[in-house]
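Q: Provide a 3D model corresponding to the input given below.
(one chain, ligands or ions: 1)
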Amino acid sequence: MPEIPDLEAVRRYLKPRLEDQPITSTAAPIPWIVRTGADGLEDLVGHQFVDILRHGKYLLFNVDDGRVLVVNAMLTGRFHWDEAGAKKPGRLAVVFGIGDEHELRYSDMRRMGRFYLTDPDHLDVIPQFPKMGPDVLAIDEEEFTALIAKRRGQIKNTLTNQEFVAGIGNAYSDEILWEARLHPHRKRSTMDDDDIHNLYEAIHTILDRSCAILDEIVHNEGLGKKAEWREHLSVHRKADEPCPRCGTPIKGQTRSGSETNYCVQCQPLFA
Ligand SMILES: [Zn+2]
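A: Next up is the predicted model:
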């Protein structure tokens with residue numbers, strides 16, 4: 001599932017390309033992906049996307065008439081920036097003609113992604129959206145410390161809980177906890193001030209570094225080849241490979257289909 005660095009790479013790639021370009025056509029070959037405002041989709045023609053924001057795992061395309069197109073790409077949603085007339089990707093779900101030469105396309109192999117065209121005062125039509133916590137990159141250490149003080153459970157579950165903070169999923173929680181030397185099953189209640197500080201720092205270190213790496217990949221490759229980029233990760237999906245820090249084989253645990261990876265040496269359960 002795309003997480004902050006994947007979505008930031010898409011956002012930063014598309015933003016300058018959409019600026020000052022009118023939407024010249026719209027189409028939804030898989031119509032039910034558009035859950036709200038589908039009948040207003042063609043009214044976007046003649047308007048522009050003036051900005052792209054991100055909140056957690058959602059991308060928000062602001063339209064010049066005040067509406068907003070909110071996209072949750074879920075597991076396999078991908079954006080493509082193609083020349084008009086280029087070969088279409090499989091499972092093409094939504095298409096916007098941009099200017100005379102390009103198309104912003106969205107494909108989704110598992111067709112689980114969702115589009116909502118609404119106005120900013122009605123984001124509550126989007127399931128889960130109103131319950132979402134602040135974007136993890138939008139809060140400072142003081143806010144983070146205050147929010148995490150209310151949590152008691154295992155730290156990996158907390159980090160990936162979008163009602164706590166939004167944007168971190170299974171892959172980057174493994175990377176962040178490895179960087180902070182915290183065991184994923186560690187209870188928040190056993191963590192001291194230094195642990196919380198290290199965790200906050202690790203979130204920014206890992207996400208900043210990954211955003212820079214992905215920006216460069218997407219700059220070179222363009223959009224559409226992948227929904228997520230994982231090659232640069234240190235421990236996630238690296239079970240049995242040596243820990244990049246100490247050489248101990250990385251542990252892999254699978255629970256209800258999602259894998260957790262960590263180093264038993266660098267991330268002891270009891271500090
Ligand atoms: Zn290690």
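Q: make it CA atoms for all contacts and neighbour counts henceforth
A: Will do.
Q: quick one: the closest residue to the ion within the stretch 101-250 of the chain and residue 256, what's the gap?
A: Closest to the ion within the stretch 101-250 of the chain is residue 246: 4.2 Å, counting by C-alpha to the ion. Applying C-alpha to C-alpha, to the nearest Å, the value for residue 246 to residue 256 is 29 Å.
Q: compare the two (neighbour count), which wins?
A: Higher neighbour count among residue 246 and residue 256: residue 246, with 10 against 5, using other C-alpha atoms under 10 Å.
Q: and the helix or strand of the chain with the lowest mean pLDDT, which strands flank it?
A: Ranked by mean pLDDT, DSSP states H and E, the weakest helix or strand in the chain is strand 34-36, scoring a mean of 90. Paired with strand 34-36 in the same sheet, following DSSP bridges, are strand 114-118 (parallel).
Q: just the helices in the stretch 101-250 of the chain please.
A: 141-148, 155-159, 170-180, 193-221 (DSSP state H, counting those that start in this stretch).
Q: could you give the angle of the longest one to helix 141-148?
A: Inter-element angle recorded for helix 193-221 and helix 141-148: 110 degrees (by axes from the mean of the first three to the mean of the last three C-alpha atoms, to 10 degrees).
Q: show me what the next helix or strand after helix 193-221 packs onto, helices and strands only.
A: Per DSSP states H and E, the first helix or strand lying C-terminal to helix 193-221 is strand 251-255. In terms of contacts (3 or more C-alpha pairs under 8 Å, 6 or more residues apart in numbering; DSSP states H and E), strand 251-255 is packed against strand 258-262.
Q: for the strand it packs on, buried residues please.
A: 259-262 (16 or more other C-alpha atoms under 10 Å).
Q: show me which residues of this protein sit near the ion.
A: Counting by C-alpha under 5 Å from the ion, the residues of the chain close to the ion are 243, 245-246, 263, 266.
Q: ok, back up a step: pipe the helices of the stretch 101-250 of the chain into JSON lines and attach mean pLDDT and mean neighbour count per row.
A: Output for the helices of the stretch 101-250 of the chain, formatted as JSON lines (pLDDT from 0 to 100; neighbours: other C-alpha atoms under 10 Å):
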{"stretch": "helix 141-148", "mean pLDDT": "98", "mean neighbour count": "14"}
{"stretch": "helix 155-159", "mean pLDDT": "97", "mean neighbour count": "22"}
{"stretch": "helix 170-180", "mean pLDDT": "98", "mean neighbour count": "23"}
{"stretch": "helix 193-221", "mean pLDDT": "97", "mean neighbour count": "16"}
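Q: mind putting the ones you listed into a markdown table with distance to residue 86?
A: Formatted as a markdown table, the helices of the stretch 101-250 of the chain follow (distance: least, C-alpha to C-alpha, whole Å):
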| stretch | distance to residue 86 |
| --- | --- |
| helix 141-148 | 45 |
| helix 155-159 | 40 |
| helix 170-180 | 33 |
| helix 193-221 | 16 |
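Q: right, and those - which one's nearest residue 6?
A: helix 193-221 (6.9 Å; C-alpha to C-alpha).
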